[in-house]
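Asker: Attaching a predicted model along with its sequence, questions to come.
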Amino acid sequence: MPTYFDTVSKSFADVPVTDAGVDTAAFLEASEGVVKLFDLFGSAAFSVVQNDMRGNIEKIKARYNSDKTANATLESLVVNESKEKKRTATEGLLWLLRGLKFTCTALQRSEKDQSEELSVSFTKAYEVTLRQYHSFVVRPVFSLAMKACPYRKVFYEKLGGDAPAAKVQSELQNWLTGLETVVNRLDKFYEEGKHAKGL
């Protein structure tokens, strides 16, 4: 049985980041893998997280496909769209980054304290990442999803298939490091360029 990392077409550990920026096509592929990660949770409650991510991926993809050369990096995509009135992809990327940061924070917590159940890791991560951007209508929906997290043991078994635990651990660490690098870089880019203004 393959590990989760064998089933995704691109890991965040393999997303090229150069001086020009984060490779758009590779980032989109890796982000689609995160949507698949929530399938391992085996709960319909997480469809709200998945649908949100999918919708934002589609917005960025539509912009990228309109001119793959001009939008080769996420940074160039945002800068090119900044001249327009409607910045659909810029907003989609902003929300996708928030969702990715939430996922990354939760799994990093889980890795740091291996006695902590996923429902705790994801709830705490939600509080410090997404919660501030959600209305009082959305918050209970997400809180419910956090309570539907599988037991840690069950999740890690699904994540790793029948691969040795050390291999799974190493792949997860590489994936999280790659994800954190990309998210932090783009967070800084949005902040310095004030790209979230008016969205």
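Answerer: Alright, I've got the coordinates.
Asker: sec struct for residue 71, please.
Answerer: Under DSSP: H, G, I helix; E, B strand; the rest coil, residue 71 falls in the coil class.
Asker: now the strands for the protein?
Answerer: Remark: strands assigned in the chain by DSSP state E are 17-18, 21-22.
Asker: mind putting those strands in TSV, mean neighbour count and distance to residue 172 included?
Answerer: Using the backbone N, CA and C atoms, a C-beta is placed for each residue, glycine as well. Below are the strands of the chain laid out as TSV (neighbours: other Cβ atoms under 10 Å; distance: least, Cβ to Cβ, whole Å):
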stretch	mean neighbour count	distance to residue 172
strand 17-18	12	19
strand 21-22	22	21
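Asker: can you list those in JSON lines and add distance to residue 90?
Answerer: Putting those into JSON lines (distance: least, Cβ to Cβ, whole Å) gives the following:
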{"stretch": "strand 17-18", "distance to residue 90": "19"}
{"stretch": "strand 21-22", "distance to residue 90": "14"}
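Asker: In TSV: those, plus mean pLDDT and distance to residue 130.
Answerer: Formatted as TSV, those follow (pLDDT from 0 to 100; distance: least, Cβ to Cβ, whole Å):
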stretch	mean pLDDT	distance to residue 130
strand 17-18	96	24
strand 21-22	98	21
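Asker: which residues in the chain form helices?
Answerer: 4-7, 24-37, 47-66, 74-81, 88-112, 118-128, 139-147, 152-160, 165-193 (DSSP state H).
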